[in-house]
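Student: Predicted model and sequence below, questions to follow.
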Amino acid sequence: DFESVRRYSDFILLRKRLRTHLPGLYVPLIPPKQVAGRFEEDFIQERMEILQDFLKQCSVINYIADSEEFQAFLHNSGEFANVAKKFTPLN
């Protein structure tokens, strides 16, 4: 187990990069962005659990777990958008 602080936008970017890098392959879903109630404690806790589940699902799918994007997401601190700049540009 490990702990990392990530913004929701980092998860959006990770999923987008995985879908671009792995076209036609399954990439787990993440919850849609929510405007109302997003600062309520129950909402934050539930979203955190769903995003943790997303990471767990990704970690057991070999083509995702072994991808450069997923490894960078897990092992680099800071905003993922800055780390992702070194990868192939998104269309």
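Tutor: Noted; the coordinates are in hand.
Student: the strands in this structure, which residues?
Tutor: Counting by DSSP state E, the chain has no strands at all.
Student: Spatially central residue in it, please.
Tutor: Phe11 (2.9 Å; CA atoms, centre = their mean).
Student: check contacts around it.
Tutor: Residues near Phe11 by CB atoms under 8 Å, 6 or more residues apart in numbering: Ile30, Leu51, Phe54. Bear in mind the C-beta positions are built from the backbone N, C-alpha and C, glycine included.
Student: who's in contact with stretch 44-56?
Tutor: Arg6, Tyr8, Phe11, Arg15, Pro28, Leu29, Ile30, Pro31, Gln34, Arg38, Leu74.
Student: related to what we said a few turns ago, and the residue nearest to the centre of the chain, how close does it get to Ser67?
Tutor: Distance, Phe11 to Ser67, using CB to CB, to the nearest Å: 15 Å.
Student: Pull out the buried residues from the helix or strand of the chain with the lowest mean pLDDT.
Tutor: Least confident helix or strand of the chain, by mean pLDDT, DSSP states H and E, is helix 80-84 with a mean of 80. Buried positions in helix 80-84, judged by neighbour count with 16 or more other CB atoms under 10 Å: Phe80, Val83, Ala84.
Student: Point out the other helices and strands that that helix packs with.
Tutor: On a contact count with 3 or more CB pairs under 8 Å, 6 or more residues apart in numbering; DSSP states H and E, helix 80-84 meets helix 8-21, helix 68-75.
Student: which residues are in contact with the last one?
Tutor: Yep, that's helix 68-75 we're talking about. Against helix 68-75 from outside (CB under 8 Å, 6+ apart): 2, 4, 6, 10, 14, 17-18, 21, 55, 58-59, 64, 80, 83-84, 87.
Student: And the residue nearest to the centre of the chain, what's its pLDDT?
Tutor: Per-residue pLDDT puts Phe11 at 94.
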